[in-house]
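[1] No sequence on hand, only this structure:
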């Protein structure tokens, strides 16, 4: 986290135990003139919001990214979350998007706050690796993405089969993923260029959001690198 | 659930509200002579272990499946969980395994109980679709699977790239997935025929268990159907 130029660490709070363990982290902080404050376990617990805090709390600037900046960098793979409500789900998809080589993640208005503690933890660092755009309207975002030359694919339960759109996936693509319980808003799905579904081979009714996103994003990653 | 011959429903408890809503369910229960007991909300709450129970609780026989029976049916895709501790993770992988067309799920000794409430809910019905084998030892299970003619692939973070083993995936395959925090036990991974990793294209350190399982199992599903 200290190494990322876009996420300046302002202050670091560490417990005595953590200070002994995280020698490299404290050296990096010293090199960057980041103030380090030693705190006891009680203070660490009240600063963190987990039951078992790891003894290190950083105060970090919230990054601000804009969709037009992201699109100017000619992305090849974008992940767009529309109405994803659960912070754990959002964080897991952000981590997966990073692993699959997504250039950015966009959360439309009405999604969970990506900087909620549960989302930050589920993202396992990827919030600090990828530009994350928040608070945009789905319709104008889809138009802007399409104008930038990307195909817009809506992950739905009733579209074309994922295996049948492989040649589309080789080109620059944005994936839209909807709410974990209700799926994509039909109006948003209709605004995409294609509606695509992950095949269900067994008797499950559907995949959960994070699993569906993993399958779709990795299909794109594979086709873009063939 | 009522339709599955291997999971006989013994009794059904429903609230008045649920009885009005679930007319088809009650008809199916009557056809099968399943006793239905009307209960109030307070009883439904104490029977269920969720904060917001849906007003229907079924008493069901726990299915018992054995690895030798599963292997006799000549499976083409098996999902083996080794040391998966979190019931939500196990349930999500069982749901994904079902969707990807896995013929059965095996949980080795030391895994979470697949019939824990959280696992049952995350599996979203798939526990009742797929044979689930529990309590087996990894080493003898791997031997038995190999003797039945399947390749055994260990999902690891340092094996061959998934994209490089596509021709192996076309044949009958068993995937081994390890603990969510520590991965597969190295001894278990070494006992597999191949060690395979999902490529990480971005800066994420890894995928979480459920996302990695989704990518691996769907790669198998795709290659087996080409």
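    Cool, got the structure. Predicted model, so just to flag it, every value in this text is computed and none were measured. Numbering: from 1, shown residues only, chains lettered A, B, ... in the order given.

[2] quick one, phi psi at the closest residue to residue A:154 other than its chain neighbours?
    Spatially, and ignoring its direct neighbours in sequence, residue A:154 is nearest to residue A:192 (3.7 Å; C-beta to C-beta, 6 or more residues apart in numbering or on different chains). C-beta: built from backbone N, CA, C; applies to glycine. Dihedral angles of residue A:192 (phi, psi; degrees, to the nearest 10) stand at phi -80, psi 170.

[3] What residues does residue A:192 make contact with?
    Listed by C-beta atoms under 8 Å, 6 or more residues apart in numbering or on different chains, the contact set of residue A:192 reads A:142, A:152-154, A:176.

[4] For residue A:168, which three-state class applies?
    Going by DSSP: H, G, I helix; E, B strand; the rest coil, the secondary structure assigned to residue A:168 is helix.

[5] Check which helix or strand residue A:79 maps to.
    Element membership for residue A:79, per DSSP states H and E: strand A:77-81.

[6] What is that strand packed up against?
    Contacts defined by 3 or more C-beta pairs under 8 Å, 6 or more residues apart in numbering or on different chains; DSSP states H and E place strand A:77-81 against helix A:87-99, strand A:104-108, helix A:138-147, strand A:173-177, helix A:209-224.

[7] Run the angle between the last one and helix B:87-99 for me.
    The one in question is helix A:209-224. 50 degrees (axes from the mean of the first three to the mean of the last three C-alpha atoms, to 10 degrees).

[8] Over to the nearest residue in space to residue A:168 that is not next to it in sequence: give its phi and psi.
    Distances taken as C-beta to C-beta, 6+ apart place residue A:151 nearest to residue A:168, at 5.6 Å, with adjacent residues excluded. Phi and psi for residue A:151, reported as degrees, to the nearest 10, are phi -80, psi 140.

[9] Could you do residue A:56 as well?
    According to degrees, to the nearest 10, residue A:56 has phi -130, psi 120.

[10] Residue A:26 is in contact with that one, correct?
    No: Residue A:56 lies out of contact with residue A:26 (C-beta atoms under 8 Å); the separation is 9.5 Å.

[11] For residue A:132, give its distance to residue A:91.
    According to C-beta to C-beta, to the nearest Å, residue A:132 stands 11 Å off from residue A:91.

[12] Now do the shared contacts for these two.
    With C-beta under 8 Å, 6+ apart as the test, residue A:132 and residue A:91 both reach residue A:114.

[13] who touches the spatially most central residue of chain A in this structure?
    Geometric centre of chain A, nearest residue: residue A:94, 2.2 Å, by C-alpha atoms, centre = their mean. Residues in contact with residue A:94 (C-beta under 8 Å, 6+ apart) are A:79, A:105, A:114, A:119, A:122-123, A:126-127, A:130, A:132.

[14] swap in residue A:126?
    Contacts of residue A:126 (C-beta under 8 Å, 6+ apart): A:94-95, A:97-99, B:202-204.

[15] if we can go back for a sec, among the contacts of residue A:94, which lie within helices?
    A:119, A:122-123 (DSSP state H).

[16] Among those, which one has the most neighbours?
    residue A:123 (28 neighbours; other C-beta atoms under 10 Å in any protein chain shown).

[17] How many residues are close by the residue nearest to residue A:78 when sequence neighbours are not counted?
    Distances taken as C-beta to C-beta, 6+ apart place residue A:174 nearest to residue A:78, at 3.9 Å, with adjacent residues excluded. Using other C-beta under 10 Å, residue A:174 is surrounded by 29 other residues.

[18] just residue A:160 next, same as before
    14.

[19] which residues touch it?
    Applying C-beta under 8 Å, 6+ apart, the residues near residue A:160 are A:194-197.

[20] Now, those residues that are in strands?
    A:194-197 (DSSP state E).

[21] Quick one: name the residues of chain A near chain B.
    For chain A, the contact set with chain B under C-beta under 8 Å from any C-beta of the partner chain comprises A:92, A:95-102, A:122, A:124-126, A:129-130, A:163, A:198-208, A:210-215, A:218, A:221-222, A:225.

[22] In ChimeraX, select just the buried ones from those residues.
    Buried members of the residues of chain A next to chain B, defined by 16 or more other C-beta atoms under 10 Å in any protein chain shown, are picked up in ChimeraX with:
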select /A:92,95,96,97,98,99,100,101,102,122,124,125,126,129,130,198,199,200,201,202,204,207,208,210,211,212,213,214,215,218,221,222
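
[23] Which one (most neighbours) among the contacts of residue A:160?
    Highest neighbour count within the contacts of residue A:160: residue A:196, with 24 neighbours (other C-beta under 10 Å).

[24] Spit out the contact partners of that residue.
    Per C-beta under 8 Å, 6+ apart, neighbours of residue A:196: A:153-156, A:159-162, A:165, A:216.

[25] still on that earlier bit, chain B: which of the contacts of residue A:192 is nearest?
    Nearest to chain B out of these is residue A:153 (C-beta to the nearest C-beta; 16.2 Å).

[26] so, if you compare the contacts of residue A:94, which one comes nearest to residue A:85?
    residue A:119 (11.1 Å; C-beta to C-beta).

[27] is it true that the closest one touches residue A:127?
    Yes: Residue A:119 lies in contact with residue A:127 (C-beta under 8 Å); the separation is 7.5 Å.

[28] Determine the residues that are contacts of both of the two.
    A:91, A:94.

[29] Start and end of stretch A:76-94, how far apart?
    Stretch A:76-94 has an end-to-end distance of 16 Å (C-alpha to C-alpha, to the nearest Å).

[30] buried stuff in that stretch?
    Within stretch A:76-94, the residues that count as buried by 16+ other C-beta under 10 Å are A:76-84, A:86-94.

[31] returning to what we had before: name the residues contacting each of residue A:56 and residue A:26.
    A:12, A:14.

[32] How about residues contacting stretch A:44-59?
    Stretch A:44-59 is contacted from outside by A:1, A:9-15, A:17-18, A:21-22, A:25, A:39, A:41, A:117, A:121, using C-beta under 8 Å, 6+ apart.

[33] Around residue A:139, count how many other residues there are.
    Around residue A:139 there are 12 residues (other C-beta under 10 Å).

[34] quick one: the residue nearest to it when sequence neighbours are not counted from chain B, how far?
    Excluding its sequence neighbours, the residue lying closest to residue A:139 (C-beta to C-beta, 6+ apart) is residue A:191, at 6.1 Å. Distance from residue A:191 to chain B, counting by C-beta to the nearest C-beta, to the nearest Å: 26 Å.

[35] Let me know the distance separating residue A:191 from residue A:63.
    Taken as C-beta to C-beta, the span from residue A:191 to residue A:63 is 27 Å.
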